[in-house]
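> sequence and predicted structure, then a few things I'm wondering about:
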Amino acid sequence: MDFLAEGLRRAWALLVAGDSEVYGIALLTLKVAAVATAISCTAGLPLGYFLATRTFWGRRAALTAVNTALAFPTVVVGLLLYGLLSRRGPLGGLGWLYTWQAIVVGDVLLALPIAAALSAAAVQGVDPRVRRTAETLGAGPWRAAWTVAREARFALAAVITAAFGQVVAEIGAAMIVGGNIRGETRTLTTAVALYTAQGDFGLALALGLVLVLLALVVNIALQVLQGRGNA
Amino acid sequence: MLELRAVRHRYEGRVVLDLEQFTLPRTGSVAVVGHNGAGKSTLLRLLALLEAPTEGRVVFDGTAVPRRAPASLRRRVTLVEQRPILFRGTVRENLEYGLRLRDVGRAAVDGLIGDVVERLGLGPLQNRRRHELSDGEVQRVAVARALALRTDVLLLDEPASSADRAAAGALYRALAAERAARPFAVCIASHQLEEAYRWADDIRSLADGRLSPVTPENLFRVDLPAGDGVKHIPVGTITIVVMTDRSGPAVLAVSPTDIFVSREPLPSSARNVLTGRVTGLAIEHRGAGVHVRADMGGVELIAAVTAEAVRDLALTPGGSVVFSFKASAVQVF
């Protein structure tokens, strides 16, 4: 128990002191998570809406594929991406391996199915009369989609939260394609794993706390936004 | 102006609508009557350009509508569904929805909404939200939301199904006032015949997705002579006694439930006693009721009785039958 208390004390000291390494890692994590969440939701929410509202050949198969992708192991995604981005891989020319961009790509691949599958479920939960009514009142496809999204706003906010949660807590892909390079691709999760392995429990715990705080702050922010648009 | 040509529409392989021709005239008011499941709502959805027919064409002002109707065309038609839904937000925001889509200016929006709010008595409801409204109020707001758009075609699916009698009256009066102010085409689907007779200048009957040549039950177009009180009106080969002060073209309607059925003429206060032959017996209302169809010398009448009465009277197709109803039971529209 002693080492746990000691770890917490150290964590607190690092946080209060504004340790540049801790905050640097936190900022990078936030940047990667924000960019990856933005990309995956920008693509995933419309995709989910499309899957939920359009009838086309292969729709059921597409929904199954997206739902299966929800359970995709993060290390496998990391591995596949590594193959693509490595110098000998088809995307090796980009030179993205071991950069934060590579982590973003991995995170997007993992969060996109979440955004698409959950938003499809959210849209399917909206009364179908909403879209029809919007159309009878003269709405084009975009405006009708916006009207449906407004009705599903709580569920869609939860989708964004879930996507962010996936991205911020992800370690497999970040480790493999990011490489955990200090000051460049070291995110909170990879750092926690590294420092724990090195025996620096206090630093690992401090970073773990930051990770939890980050998730908390983002959740609260989304809830506040939802509250503002209430009723 | 809005037409369906050789339309055959399927849901999951089943034909739900099969119409050689259905035309909605530019300023006409058409009522489509029929039982639940007759295809009324499907017909309205096709006319609203929300769906394209599986086969056949929709023609608007002489031009065929593409399968995905452009918004510019869809904005000339609007539909109020049977169980309408309001969007999130206030009643006022709902009323503004379609006008904002059309980029109508602030002042014009206020004017248009002011008109419908007044017509439909929505003043006190404007700041309410959907969960603060009754079903009847939601229906009224939905009709107002559609009327405010001033479309060329207004389609209403059972517009007064959730309204009480007074509210339904107000709704139809608003519709009449709007039509008097500005010509547009209206098509109302209803299973309440009385409603349909009152508001439409053309009534079409839909059965199993097809236009039925049989006019709805006991409905007669007549020319009423001037004068007050009891009038003897010739209808084909028979005469119907009616009590009305109205004159000129009208529709007489006799509710099937207001007709007494017997084998012999009975002495009673009924002024209309018609003798004829049973042409058909149709079981209604899950076997408890029977529609007795009878030919009164070239004019067909339908009476609704219980299955028990059919047994007691030993009614059979071809057998003789007497229908009696009071002059006051004849409704004039």
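All right, it came through fine. Residues are numbered from 1 along each chain as shown, chains lettered A, B, ... in the order given.

> wait, a helix at B:Cys187?
No. Under the criterion used here (DSSP: H, G, I helix; E, B strand; the rest coil), B:Cys187 is strand, not part of a helix.

> and the stretch 101-250 of chain B, which residues reach chain A?
By the rule CB under 8 Å from any CB of the partner chain, the part of the stretch 101-250 of chain B lying against chain A is B:101-102, B:129, B:145-146, B:149. Using the backbone N, CA and C atoms, a C-beta is placed for each residue, glycine as well.

> could you redo the last one with a cut-off of 7 Å?
B:101-102, B:129, B:145, B:149 (CB under 7 Å from any CB of the partner chain).

> tell me which two of the residues you listed sit farthest apart.
B:Arg102 and B:Arg129 (23.7 Å; CB to CB).

> tell me the buried residues within the residues of the stretch 101-250 of chain B next to chain A.
Among those, those buried by neighbour count (16 or more other CB atoms under 10 Å in any protein chain shown) are B:101, B:145, B:149.

> surely the first one and A:Ala144 touch.
No. In terms of CB atoms under 7 Å, B:Leu101 does not count as a neighbour of A:Ala144; the distance is 9.9 Å.

> so which of the residues of the stretch 101-250 of chain B next to chain A sit within helices?
B:101, B:145 (DSSP state H).

> looking at the residues of the stretch 101-250 of chain B next to chain A, spot the one nearest B:Gly169.
B:Arg145 (20.0 Å).

> sorry, back to before: turn the residues of the stretch 101-250 of chain B next to chain A into TSV, columns for pLDDT and distance to A:Pro90.
Output for those, formatted as TSV (pLDDT from 0 to 100; distance: CB to CB, whole Å):
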residue	pLDDT	distance to A:Pro90
B:Leu101	92	46
B:Arg102	92	49
B:Arg129	93	54
B:Arg145	95	54
B:Leu149	94	54
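
> nearest to chain A among the residues of the stretch 101-250 of chain B next to chain A?
For those, the residue nearest chain A by CB to the nearest CB is B:Leu101; the value is 4.7 Å.

> who's in contact with the closest one?
B:Leu101 makes contact with A:137-139, A:143, according to CB atoms under 7 Å, 6 or more residues apart in numbering or on different chains.

> where does the chain have low pLDDT?
Unless you meant another one, I'm taking chain A. A:1, A:227-231 (pLDDT under 70).

> that's the wrong chain, I wanted chain B
B:165, B:192-198, B:213-216, B:284-288.

> residue ranges of the helices in it, please?
Remark: helices assigned in chain B by DSSP H are B:40-47, B:71-74, B:91-101, B:106-119, B:135-147, B:165-181, B:193-199, B:307-313.

> which residues touch the longest one?
Around helix B:165-181, the neighbours that count as contacts under CB under 7 Å, 6+ apart are B:119-121, B:136, B:140, B:143, B:147, B:159-160, B:163, B:186, B:198-199.

> now the residues you listed as CSV including neighbour count?
Below are these laid out as CSV (neighbours: other CB atoms under 10 Å in any protein chain shown):
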residue, neighbour count
B:Arg119, 21
B:Leu120, 26
B:Gly121, 15
B:Gly136, 17
B:Arg140, 28
B:Val143, 26
B:Leu147, 24
B:Pro159, 28
B:Ala160, 22
B:Ala163, 20
B:Val186, 22
B:Arg198, 17
B:Trp199, 22
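
> returning to what we had before: among the helices of chain B, which is nearest B:Val292?
That would be helix B:307-313 among those, by CB to CB, at 7.0 Å.

> now for the closest one, which elements pack on it?
strand B:260-262, strand B:289-295 (3 or more CB pairs under 7 Å, 6 or more residues apart in numbering or on different chains; DSSP states H and E).

> just name the most buried of the ones you listed.
strand B:289-295 (a mean of 20; mean count of other CB atoms under 10 Å in any protein chain shown).

> check whether stretch A:51-65 comes near chain B.
No. Stretch A:51-65 lies out of reach of chain B by CB under 7 Å from any CB, never closer than 11.4 Å.

> picking that back up, quick one: which of the contacts of B:Leu101 sit in helices?
Using DSSP H, the contacts of B:Leu101 in helices are A:Arg143.

> contacts only, for the residue nearest to B:Leu44 when sequence neighbours are not counted.
Closest residue to B:Leu44 apart from its sequence neighbours, by CB to CB, 6 or more residues apart in numbering or on different chains: B:Leu155 at 4.7 Å. By CB under 7 Å, 6+ apart, the contact list for B:Leu155 reads B:44, B:47-48, B:77-79, B:187.

> try 6 Å
B:44, B:47-48, B:79, B:187 (CB atoms under 6 Å, 6 or more residues apart in numbering or on different chains).

> possible to save those as TSV with neighbour count?
As requested, those are exported to TSV (neighbours: other CB under 10 Å):
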residue	neighbour count
B:Leu44	24
B:Leu47	25
B:Ala48	26
B:Leu79	29
B:Cys187	27
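
> which one of those residues is nearest chain A?
Nearest to chain A among those, with distances taken as CB to the nearest CB, is B:Leu79, at 4.4 Å.

> much appreciated, bye for now.
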